[in-house]
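Participant: Return a 3D structure for these sequence lines:
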Amino acid sequence: MPHPRPVLRASLSPSPGLSPTLTAALATALAVTFAIPGSAGRQVSAAAPAAFARPAKAPQAGEFRLPAEFAGWRHDRPAPGVSVYQGVLSGRPGADRWTVTVRKAGAVLHDRETADELARALRAAGFAPRTEDVRWPRGAKQRGVIGVRVRVGSYGEQGPADDARKELAAAGVDAVSEWTGADGTPGTGLARIKVAVIDPRAYHGRLDAGYGTAVAGREKVTDLAARSNALLAVNGGFFVMEEKDGVPGAAAGIAAYDGELQSAATNGRIAAVLRGDGLHPEFRRLRTELKVTAGGATEPVDGINRIPGKIRNCGGTGGDAPTERPLHDVTCTDPDEIVRFTPQLGADTPGGPGVEAVLDGEGRVRQLRPRGGPVPAGGSVLAGTGTGERWLRAHATPGSAVRLHERITDTEGRTVRLTGRDDIVNGGPELVHDGKVTVDFAADGIEHPGDPSFGYAWGVKRNPRMVLGTDRAGRVLLLAAEGRRPGRSDGLGLTEAAALIRSLGATRAMNLDGGGSVGMALDGRLLTTPSDATGERAIGDALLLRR
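Facilitator: Residues are numbered from 1 along each chain as shown. Model (predicted):
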């Protein structure tokens, strides 16, 4: 289904609007046409939407000048070398409506045959459905149609859409009320944006990753910021939300703090390595190689600080099912594992079938015990299940010496060595590489084989987003988009977020955790409006700009 000519209106406060220079840059990057407030209907047209144009050249040295192009955005300078900008981007007035989307087996996208069958059944029941092709957005490595939506009705308010949904339910049809502003169609939607720019030549603090008082546990961004006296704080990487998927609060992907690895990599997924002062992030696709040697034998260690047999976001090694590739928001399983627990876990190890070898600070086995118990200060615990249990019983006998081996590499085989001041935060997918928008939904596990609805809902549709990037002058960019608030802010699709941060000068950028986790705090005050109905969400870790 062809889309109408897209128009995105810059609605910014408190000043009158974007300058023509940045308006044109953003319009081209997003492949849309912006209307400039106060221009009497005059429009700045985008270039041909087949490709993303290069952003305006950012300065190489001196004062950060790009914000001068934000004429209408609120601009705060909380410290030398730190700027925070706030504004609103919106689509054509009246472009967004409420509608009802028909589901089958919980899916909102279908193949053409299934969509046509649903439409025929709906017409026979007296409804007037429409089918809509949903395509991969520009900027994605994937091409073509993802799937087909089946929808009924178009309403200015949610109430009538809910009434229509109830009528469909009474006819035995599974459906959900949806706001089309979240679809990701160019020229529609509303996004409240916060952008923090940190210039390491002028700011002399530190950007690091922090997890609060324990790896096992969750805290709000504002609480993490207050405890560390952070000038600025944003949510960090993906983490375990529920016990059924692992240890709540622990990272769901690679994580390292103060040079200590606290979670294994989601095999090959993008991550940010923060060295020293953290103000020069390295974006690398990482793997972890973990081993244990005892009694002359060596065995793989499958993970760190997670429940044996549960690999959140998948991407593990050694027989994980259904895959050893990244698969976002899926918990893979493996009955035969050894998992290491560190003292930073901050809680007893999870109980369950198997055995644990308790190690002292010298790597000597204190005892073998049933699973579930404290981690000794300065020591660690190895939990084994299946063949992992049998290996520990055979080789990690009480009093024996155990050696642990850890190696972090990138997908090109280069070793990543950490010092005591280095951190790693996970995320994905990569958004900008070498100054180009490039979003590979499959490589980062966002595209689920056989389930087009997941990649569509998680990555194509607009959601709250948090993005970390760097520009060619070495500045750090943090972009937050509020979302899931019809009429206030819909958020951004992944490729939209990529295009926006690229238009601000980013040459590298990656997606951090999003959705209800999105939070940006300045001087301990939350700048973003949470999307969760319960308010600010407690998260696993955060990026903290320390004074």
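
Participant: how about the helices of this structure, start to end?
Facilitator: Using DSSP state H, the helices of the chain run over residues 20-29, 112-124, 158-170, 221-228, 387-395, 452-455, 494-503.

Participant: just how off-centre is stretch 498-515 within its chain?
Facilitator: Taking the mean of its C-alpha atoms, stretch 498-515 sits 11 Å from the chain's own mean (CA atoms, centre = their mean, to the nearest Å).

Participant: Repeat that for stretch 355-372.
Facilitator: Per CA atoms, centre = their mean, the centroid offset for stretch 355-372 relative to its chain is 35 Å.

Participant: got the phi/psi numbers for residue 349?
Facilitator: Geometry field for residue 349 lists phi and psi as phi -70, psi 150, criterion degrees, to the nearest 10.

Participant: count of residues packed around it?
Facilitator: By other CB atoms under 10 Å, 24 other residues sit near residue 349. All C-beta spots, glycine's among them, are computed from the backbone N, C-alpha and C.

Participant: contacting residues for it?
Facilitator: Shown in contact with residue 349 (CB atoms under 8 Å, 6 or more residues apart in numbering): 341, 356, 371-375, 381, 383.

Participant: now residue 518
Facilitator: Neighbours of residue 518 in contact, by CB under 8 Å, 6+ apart: 235, 464-466, 480-483, 528, 530-531.

Participant: Repeat the analysis, applying 6 Å as the threshold.
Facilitator: 464, 466, 480 (CB atoms under 6 Å, 6 or more residues apart in numbering).

Participant: Now rank the residues you listed by neighbours and give me the top one.
Facilitator: Within these, residue 464 tops the neighbour count with 29 neighbours, counted by other CB under 10 Å.

Participant: List the contacts of it.
Facilitator: Contact partners of residue 464, counting by CB under 6 Å, 6+ apart, are 482-483, 491, 514-515, 518, 531.

Participant: Which ones among those map onto strands?
Facilitator: Among the contacts of residue 464, no member falls in strands (DSSP state E).

Participant: And those residues, which is closest to residue 409?
Facilitator: residue 514 (27.2 Å; CB to CB).

Participant: Need the pLDDT of that closest one.
Facilitator: Residue 514 is assigned 98 on the pLDDT scale.

Participant: pLDDT weak spots in the stretch 51-200 of the chain?
Facilitator: 51-71 (pLDDT under 70).

Participant: where along it do the strands fall?
Facilitator: 74-79, 82-91, 98-102, 129-135, 145-155, 175-179, 190-198 (DSSP state E, counting those that start in this stretch).

Participant: Parallel or antiparallel, list what pairs with the last one.
Facilitator: Within its sheet, and counting by DSSP bridges, strand 190-198 is paired with strand 82-91 (antiparallel), strand 476-481 (antiparallel).

Participant: Return the set of buried residues in stretch 451-459.
Facilitator: 452-456, 458-459 (16 or more other CB atoms under 10 Å).

Participant: now swap in stretch 117-131 and tell me
Facilitator: 118-119, 121-122, 127, 129, 131.

Participant: quick check, nearest of these to residue 146?
Facilitator: residue 131 (13.6 Å).
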